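Trainee: Here is my input, please return the structure:
(one chain, ligands or ions: 1)
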Amino acid sequence: MALNKQTILAQLLAHRSVRQFKKKPLTTQQVETLVEAAQHASTSTFSQQYSIISVTDPKVLTEIAEITGHSWLLNSGHYFVMVADQFRNFQIAKRNNADPFILHTTDKFLAAVFDAAIATENIMIAAESMGLGATIMGSILNDSNRMIQLLSLPELTFPLLGIAIGYPDDEPELKPRLPQAMMHFNNQYHLTPEMPNLVDYDQLLAEYYQSRSTHRRAETFSHHIISELSRDRRVRSDLLHNIKAQGFLVD
Ligand SMILES: Cc1cc2nc3c(=O)[nH]c(=O)nc-3n(C[C@H](O)[C@H](O)[C@H](O)COP(=O)(O)O)c2cc1C
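Mentor: Residues are numbered from 1 along each chain as shown. Predicted coordinates for the structure are as follows:
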């Protein structure tokens, strides 16, 4: 499959998360291609500090649907969980009588998060290039402890993101992004507490939310950010504890 630069850019600029899928599983070859695309992403110090778990057991998928509140994942053609992973490198250290302390540090937890996140985006881009659609799911963190149990995750691993992938059964509208002046700066950070209100972007997003084909609502970007703040604080309040319990952030 030959993609020229223009088609890659056009695909990136046309990205939408897809949450409705045709009932058609991905083939083993498609799954392997997606994993290969993930593997070719850059990784910090080439330490490849993440793993991917394909979840195919319907019981586990049902539990993940409950944890995330996203029952539609059960219609996806494949489900990945991206895992921060220093366990593998810990075994290499142990076998070579090297001090593994560094693998437990904040720095190495962040490196594993970067690696897994960048690999996640590679899977998204690869999937879209194959005519598939997908949605990343941070909501697996609603119950990270349960995720750790479900996937038998050992010390020095942590579940970060799910990815539901499949054949799109709808064509969501493109979500407008922030104006670049509000997020791309020269040399120094430019926003101040006196920054202007996002009037035009709020209006643009309100039009998007009102005109899209599903889940129409009256909402601006500012509104959206404020409503995100009213989430139940107890959900995910165990994150730091669970990350530490997995052996990370010891410094
Ligand atoms: C780290 C991360 C976590 C996300 N978690 C969820 C999620 O749990 N559920 C969901 O429906 N979408 C999730 N998304 C998708 C975002 O909602 C989506 O990317 C955003 O609304 C922009 O829409 P678009 O991807 O269609 O452009 C997540 C995206 C990212 C990057």
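
Trainee: give the contact list for V81.
Mentor: By CB atoms under 8 Å, 6 or more residues apart in numbering, the residues touching V81 are 52-53, 55, 64, 140, 147, 151, 159, 161-163. C-beta: built from backbone N, CA, C; applies to glycine.

Trainee: Just checking the top helix by length along the chain against the ligand, any contact.
Mentor: What stands out as the longest helix in the chain, according to DSSP state H, is helix 106-129. No - Helix 106-129 does not reach the ligand (CB under 6 Å from any ligand atom); its nearest approach is 7.2 Å.

Trainee: That helix: which residues count as buried?
Mentor: For helix 106-129, the buried set under the neighbour-count rule, 16 or more other CB atoms under 10 Å, comprises 108-109, 111-117, 119-128.

Trainee: Format the contacts of V81 as JSON lines; extra columns: pLDDT.
Mentor: Compiled in JSON lines, these are given as follows (pLDDT from 0 to 100):
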{"residue": "I52", "pLDDT": "99"}
{"residue": "I53", "pLDDT": "98"}
{"residue": "V55", "pLDDT": "98"}
{"residue": "I64", "pLDDT": "98"}
{"residue": "I140", "pLDDT": "98"}
{"residue": "M147", "pLDDT": "98"}
{"residue": "L151", "pLDDT": "98"}
{"residue": "P159", "pLDDT": "98"}
{"residue": "L161", "pLDDT": "99"}
{"residue": "G162", "pLDDT": "98"}
{"residue": "I163", "pLDDT": "99"}
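
Trainee: what's the pLDDT at the residue of the chain most remote from its centre?
Mentor: Going by CA atoms, centre = their mean, the residue of the chain most distant from its centre is N97, 34.8 Å out. At N97, the pLDDT value in this model is 98.

Trainee: helix/strand/coil for it?
Mentor: Assigned with DSSP: H, G, I helix; E, B strand; the rest coil, N97 falls in the coil class.

Trainee: near the ligand too, which of the contacts of V81?
Mentor: By CB under 6 Å from any ligand atom, the members of the contacts of V81 lying near the ligand are L161.

Trainee: any idea which of the contacts of V81 is the one closest to the ligand?
Mentor: Comparing the contacts of V81 against the ligand with CB to the nearest ligand atom places L161 closest, at 5.8 Å.

Trainee: who's in contact with the closest residue to that closest one other than its chain neighbours?
Mentor: Leaving aside its chain neighbours, L161 sits nearest to M82 (4.6 Å; criterion: CB to CB, 6 or more residues apart in numbering). Going by CB under 8 Å, 6+ apart, M82 touches 50, 52, 116-117, 119-120, 159-163.
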